[in-house]
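Asks: Please work out how this folds:
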Amino acid sequence: MPFVCDWRHWNKEGFTLEKGFLVAQEKYLEAGIHIGTKTKNGSMRQFIFKAREDGLHVLDLKKTDERVRAAANLMNSIAPEFVYVVGAKENARKAVQKFCELTGCTPLIGRFTPGRFTNPAREDFVEPKMVFVIDPAVDKQAVNEAFEINVPVLAFCDTNNNLRRVDLCVPTNNKGRKAIALLLWIIARELLKKQGKLVADEEYVVTREEFEA
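Replies: Numbering: from 1, shown residues only. Sure thing, here's the model as predicted:
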């Protein structure tokens, strides 16, 4: 039997629109979750759907959605106060603060001072059991220190990122404000459900806009 394609199941990027995503797939697209960079790091190849004519790489939304679920599961295995969310980017700070306010995780926004995780002599020394970074390139110091103390690193990774020292990658556009905000909004919701603070998605009254700078 020949393959029959219904055009309504496709969008301009060529994705097959599927059911079962954590949010409507169109929401991922509207936030630009799938828009990568023109640079492709070899370690991110498995998450890339295709390259566009303009040279930008497109991330596979199905894999992003799967990794968002995995991220919520991993975070739920650790007491939230020991999960440190690191975001040096200006356009990530509001989203990180809101995420931590809801979930009980600890925000580390702005410049990450060297030795924060590794030097007990520092007044601001902390001992995380998990480190969650918005961009492993920008937040490289936090990633390296997490590796030194042997705690898992969860990271939002774009097509240009190297996965070295990243234990769980969530493939996404980690440059765009709306993309960062949407993913943190979703992970917060999923984590709250696992913590027993929400029973259904309908109870989640926080809006995505509250995560945006």
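
Asks: so what's the most centrally placed residue in the chain bridging to?
Replies: By C-alpha atoms, centre = their mean, the mean C-alpha position of the chain lies nearest to residue 156, the distance being 3.8 Å. As for beta bridges, residue 156 partners with residue 170 under DSSP bridges.

Asks: Contacts for stretch 49-60 next, please.
Replies: 13-15, 33-40, 47-48, 61, 158-159, 171-173 (C-beta atoms under 8 Å, 6 or more residues apart in numbering). For glycine as for every other residue, the C-beta is placed from the backbone atoms N, C-alpha and C.

Asks: Narrow those residues to those in strands?
Replies: Counting by DSSP state E, the contacts of stretch 49-60 place 48, 171 in strands.

Asks: Start and end of stretch 96-112, how far apart?
Replies: Using C-alpha to C-alpha, to the nearest Å, one end of stretch 96-112 lies 14 Å from the other.

Asks: Now do the strands in this structure.
Replies: Going by DSSP E, the chain shows strands at 48-51, 57-59, 83-87, 106-109, 130-133, 153-157, 168-171.

Asks: Paired strands for the third one, with orientation please.
Replies: According to DSSP bridges, strand 83-87 has the following sheet partners: strand 106-109 (parallel), strand 130-133 (parallel).

Asks: what separates that strand from the chain centre, distance-wise?
Replies: 11 Å (C-alpha atoms, centre = their mean, to the nearest Å).

Asks: Then the second one?
Replies: Here the centre of strand 57-59 is set off from its chain's centre by 15 Å, with C-alpha atoms, centre = their mean.

Asks: quick one, what contacts the residue nearest to the centre of the chain?
Replies: 133, 134, 135, 170, 172, 174, 180, 183.

Asks: Okay then, goodbye and thanks.
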